[in-house]
Each structure stands twice: as structure tokens, then as C-alpha cells.
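1. pasting a predicted model and its sequence here:
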Amino acid sequence: MRYINTLQEGETIRNIYLCKGKRSAETRNGKPYDNLLLQDKTGTLDGKVWDPNSGGIADYDEMDFIECYGEVTSYNNNLQLNIKQIRKAQEGEYVAADYMPTTEKSPDSMYEELLGYISQIDNSYLRQAVEYYFVNDEAFVRKFKGHSAAKSVHHGFAGGLLEHTLSVVKLCEYMVGAYPILSKDLLYAAAICHDIGKTVELSAFPENDYTDDGQLLGHIVIGVEMVSDAVRTIPDFPDKLASELKHCIVAHHGELEYGSPKKPALAEALALNFADCTDAKMQTLTEIFKDKNSNDWLGYNRLFESNLRKTSV
């Protein structure tokens, strides 16, 4: 098995990868070719099939495991595979776990840490709302521990949702200590629940793609619905507190153009937005710089609106 993160420019390889994406296109001269997105547990790699009608290219579809033969090249400072032969792999030729990117941290340890923050929520209504899913719903817990936080961009790996959520809670912990205006209980509850809708928005690996509800509703709306379901099971849950909790989730992307139906109107909602954005961007940088062994400029990045490189020390 040659993992994607070990490939070097100039190599000729033959290896099995998951065909995560497949799109047909044409060159400027009207010649057809295929764009592939290949995946293993270490990351993804662009693949190009410049002669898709060649006899060496067997029939295959997205989400198939395919054996690729080709040359590793570089384009715009990113590796890609120019593929000359493709064969659809058969069961027994690959181990599925080798193709699912996973967190490098222990999911069980992270979840125990998250439960520790839940126990610090003193408000009984908020604690019960969080425990509705994170303590009492075993199916949700299993799904949450193994789910990704995104299709791409940041934390797009098994366990990524848990890793991201815990990081956001830790950033909120700092802000609670630094700024007394913040309600610890509300902010912790909102931080823990802010992305629970992603367990419905995205399918499980290896697909890790948007579901129908993900396309039609999105994780913010789904998350608010899930919190509403929890709140309705708790007798005498204060209406104002329920609205404040849901507002934090509704506004956690911060801006209308980023998908939040409302901009933050509470200090806790603003703090959650800052924590979510900080962790998402720092993890994105981590993934961009991962396995980069040089300090060369990487080129313009649309997310950061800047050319990027690693520091020299």
C-alpha cells in the first residue's frame, strides 16, 4: 500500500485507491478527459485520465476501489496522478479502513473529556438538554464519535466532528475565564451542540457526502430542530433559555452569507462564532501544511484570501 502522503513527484506507481469523485471534462481542443479524486486514510489526490477511452481504462464508478497505474506529477504546487491504466479492484484486494481518513487522537479519550465539560454545566435545564443526546442516546454517541465535521476544508475525517467540538469547547473555556459577561452554562451547552446537525447533514464514510436533508436544510437548521426535540422532553424548560440556546446555534457561523440565518445577538453567540471560526481556520491551515517539507509559498488560497507558506523556524 502506497499512502497518498508518501508519494513523490516523478514516481510511477500502481496502487489501489478509493475513487471519491469522478467528473468528465474536455480540453480546450475538445478532447475528453476525466478528473478523479482519489482517497486513502492519509488524504486525497487529484487524478487525471487523459485518454478515458483507452483499452487500459476499465469501467468504474464513483465510490469504487480502483487500481491505478500512472505517474505522479506536480501542478500548481500540488501533486496529481496522471493515470494510464485503471482496474476495478475486487473485495479481498483492499482493507476498507486504509481508505478512511481518521483522527490521530483517541475518540474515547476525547469523548470522556467532553463529558467532563457537560458535568460542569450547572443549569439543570441546559445540562439535561445536552445529556439528551450525549449521554442518553447511545446510537447518537456512536455516530458522533465516528463522524466527520465536513465533506472537505477542515476536520473532514472520521472523528473530526468530535475533535472539532472539543476544540471549540476548550476555546470557549478560555473565553469564559477571561470575560465575566459570558454565561458558562449557556456557552458550554451551545458549543457542545453547535454542530450536532452534521450527524444528519453528512453521510458516514466512505461516502462522507451531503444527504438530502443536508442539501435541503443544512446542519444549522437540523441542529436547531434536534435541540428543540430535546427541550420538549424536559418539563418546564424556560422558553427564553431555549431561545437563547437555539440562537447560539443559529448564529454560530456569524454572517448571513456564511449560512447563519441570524447574526450573533448574544455575547455567548459571538464567543461561539469566534471559537468555531478559529478552530476551523487553524485546522484548515494544519491540513494545508501537513506533509509539506518545504517553506515554499503555496500560492493564493481562496479561503484565507492570501498566499500562504510555513514559517522558517
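-> Cool, got the structure.
2. any stretches of this protein with poor pLDDT?
-> The model of the chain has pLDDT under 70 over residues 153, 291.
3. which residues of it fall in strands?
-> Secondary structure of the chain (DSSP state E): strands at 12-26, 32-40, 43-49, 65-75, 78-88, 300-301, 306-307.
4. out of the ones you listed, flag the one nearest Thr103.
-> strand 43-49 (13.6 Å; C-beta to C-beta). Where you see a C-beta, it was placed from the backbone N, CA and C, and this is true even at glycine.
5. and that closest one, what other elements does it pack with?
-> strand 32-40, strand 65-75, strand 78-88 (3 or more C-beta pairs under 8 Å, 6 or more residues apart in numbering; DSSP states H and E).
6. Ile192: which of the ones you listed is closest?
-> The nearest among the helices and strands packed on strand 43-49, by C-beta to C-beta, is strand 32-40 at 29.5 Å.
7. which residues sit against the closest one?
-> Contact with strand 32-40 is made by 1, 3-4, 17-27, 44-53, 68, 81, 83, 98-99, 101, 206, as judged by C-beta atoms under 8 Å, 6 or more residues apart in numbering.
8. cool, stretch 149-164 as well?
-> Stretch 149-164 is touched from outside by 100-103, 105, 107, 110-111, 114, 144-148, 165, 195, 198-199, 202, 205, 208-210, 279-281, 283-284, 287, 303, with contacts defined as C-beta under 8 Å, 6+ apart.
9. buried subset of those, written for ChimeraX?
-> Buried residues among the contacts of stretch 149-164 (16 or more other C-beta atoms under 10 Å), as a ChimeraX selection:
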select :100,101,102,103,107,110,111,114,144,145,146,147,148,165,195,198,199,202,205,208,209,279,280,283,284,287
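10. for the longest helix along the chain, buried residues please.
-> Counting residues, the longest helix found in the chain (DSSP state H) is helix 267-289. For helix 267-289, the neighbour count (16+ other C-beta under 10 Å) marks 268-277, 279-280, 283-285, 287 as buried.
11. good, we can wrap up now.
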